[in-house]
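Chemist: my questions concern the predicted model and sequence given below.
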Amino acid sequence: MPAVTDRQAGHYLYEGALELERPSLMGILNVTPDSFSDGGRFDHVDAALEQARRMLDDGAVIIDVGGESTRPGAADVDVEIEIRRVVPVIEAIRRETGTLVSIDTSKPEVMAAAVGAGAGMINDVRALREPGALDMAARLQVPVCLMHMQGQPRTMQEAPEYDDVVTDVLAFLTERVEACEAAGLARTMLVVDPGFGFGKTVEHNVALLARLAEFRALGLPVLAGISRKSMLGALTGRTVDERLAASVAAAALACLNGADILRVHDVAETRDALRVAAAVREQGQAARNRTDSGFGETRS
Ligand code: 9MG
């Protein structure tokens, strides 16, 4: 795969390996008629392209294009319909901006069509568990985000259960990473994601956010998608259109706790918050490094 250079910040993707300045912003572009928080406003190519441009201007370095809603209770979409929704949008974004596009899908046929149209990354909420998905991703040799989900979108919020949510999700992601490597996808191509809101109670989601740093043990970039999700509604009492402040706060906390990529709707607002969070994270890391190397220890 040829190098793809982000036009703003020198982020790049080369030879299949994801090399992003961290933290990075992935802008959400749903091209469904029923998307959970942007209600199908971007279901036409021109409107989708305009929204993608806005998110890039605001600081996104990846545009995540999805043609099937994954919100709780969402219905399945026919593969041909999904392809018809996403392909023209991906082609337009690539042609007009050259930026990195990820395809939000679990279907191998959609992965192939999207990568053929110029997508350079797969974002799969089912972590390549659908029949044929793992082999297809290995054939396409593009970076993949492996997300944890318990159950299926239609029923996943009915009664999610874990022994310990962080340990269980980590074990799942470890198994999926191993499956990818066995299928021929190198570790350098992989991103992991605990899957906020996918088969989790509010308590599970809060535990994942509080202990997000534990996912760094996998040695892979960590993606977090919390923007406008129902856990924020449960914590604040806000409707989906009123969750900007909560979304930005959650993104900052995720960054502070080690997230490398934030999947968000509100790119400009999140970017400012991430600048603050990243500066604090760097200072904290520098202080820990000094302590680890013995510098600054009190001598008797
Ligand atoms: C498609 N999609 C919706 N929510 C998501 C999340 O939290 N992570 C990823 N990777 N994809 C998501």
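Modeler: All right, it came through fine.
Chemist: you'd agree residue 142 is up against residue 121?
Modeler: Yes. With contact defined as CB atoms under 8 Å, residue 142 reaches residue 121; the gap is 5.6 Å. Glycine gets a C-beta too; all of them are placed from N, C-alpha and C.
Chemist: which one of these two has more residues nearby?
Modeler: Neighbour totals were compared for residue 142 and residue 121, and residue 121 leads with 26 against 22 (other CB atoms under 10 Å).
Chemist: OK, contacts around the more buried one?
Modeler: Applying CB atoms under 8 Å, 6 or more residues apart in numbering to residue 121 gives the contacts 13, 18, 62, 100-103, 142-145.
Chemist: look up phi and psi at it.
Modeler: phi -160, psi 150 (degrees, to the nearest 10).
Chemist: per-residue pLDDT of it, please?
Modeler: Residue 121 is assigned 97 on the pLDDT scale.
Chemist: what subset of the contacts of residue 121 is also close to the ligand?
Modeler: Filtering the contacts of residue 121 for neighbours of the ligand using CB under 6 Å from any ligand atom leaves residue 145.
Chemist: for my notes, please list the contacts of residue 121 in a markdown table and give secondary structure for each entry.
Modeler: Shown next, in a markdown table, are the contacts of residue 121 (DSSP: H, G, I helix; E, B strand; the rest coil):
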| residue | secondary structure |
| --- | --- |
| 13 | strand |
| 18 | strand |
| 62 | strand |
| 100 | strand |
| 101 | strand |
| 102 | strand |
| 103 | strand |
| 142 | coil |
| 143 | coil |
| 144 | strand |
| 145 | strand |
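Chemist: nearest to the ligand among the contacts of residue 121?
Modeler: residue 145 (4.7 Å; CB to the nearest ligand atom).
Chemist: so the closest one sits against residue 191, correct?
Modeler: Yes. Assessed by CB under 8 Å, residue 145 is found in contact with residue 191 at 4.3 Å.
Chemist: quick one, what contacts residue 169?
Modeler: 148, 162, 194-195, 208, 215.
Chemist: report the longest helix in this structure, please.
Modeler: helix 267-292 (DSSP state H).
Chemist: find the nearest non-adjacent residue to the residue of the chain found nearest the ligand, please.
Modeler: Nearest residue of the chain to the ligand, counting by CB to the nearest ligand atom: residue 225, 2.4 Å away. Distances taken as CB to CB, 6 or more residues apart in numbering place residue 263 nearest to residue 225, at 3.7 Å, with adjacent residues excluded.
Chemist: ok, residue 132 next?
Modeler: residue 108 (4.1 Å).
Chemist: right, and that neighbour touches residue 138 too?
Modeler: No. In this structure, residue 108 is not within contact of residue 138 by CB under 8 Å, at 10.7 Å.
Chemist: of the two, who's got more company?
Modeler: Shown here are residue 108 and residue 138; by other CB under 10 Å, residue 108 has more neighbours (21 against 18).
Chemist: what does the stretch 201-300 of the chain have sitting close to the ligand?
Modeler: Near the ligand, when you scan the stretch 201-300 of the chain using CB under 6 Å from any ligand atom, you find 223, 225, 263.
Chemist: measure the last one to residue 61 for me?
Modeler: In this structure, residue 263 and residue 61 are separated by 12 Å, where distance is defined by CB to CB, to the nearest Å.
Chemist: ok, now the first one?
Modeler: According to CB to CB, residue 223 and residue 61 sit 13 Å apart.
Chemist: now for the two: what residues contact both?
Modeler: Contacts common to residue 223 and residue 61, judged by CB under 8 Å, 6+ apart, are residue 26.
Chemist: so residue 279 versus residue 194, what's the distance?
Modeler: Residue 279 is 24 Å from residue 194, by CB to CB.
Chemist: and for residue 126?
Modeler: Taking CB to CB, one finds residue 126 at 14 Å from residue 194.
Chemist: who's more crowded, these two?
Modeler: residue 194 (30 against 20).
Chemist: now do the same contact list for the more buried one.
Modeler: Residue 194 touches 147-148, 166, 169, 173, 208, 212, 215, 222, 224, counting by CB under 8 Å, 6+ apart.
Chemist: secondary structure for these - can I get that in TSV?
Modeler: Converted to TSV, these look like this (three-state DSSP):
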residue	secondary structure
147	strand
148	coil
166	helix
169	helix
173	helix
208	helix
212	helix
215	helix
222	strand
224	strand
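Chemist: for the residues you listed, which two are the farthest from each other?
Modeler: 147 and 166 (15.1 Å; CB to CB).
Chemist: which one of these two is surrounded by more residues?
Modeler: residue 147 (28 against 17).
Chemist: so what's that one scoring on pLDDT?
Modeler: 98.
Chemist: so what's it bridging to?
Modeler: residue 193 (DSSP bridges).
Chemist: please shift the residue numbers so they start at 42 in all later answers.
Modeler: With the count now opening at 42, the last piece we talked about shows up as residue 188.
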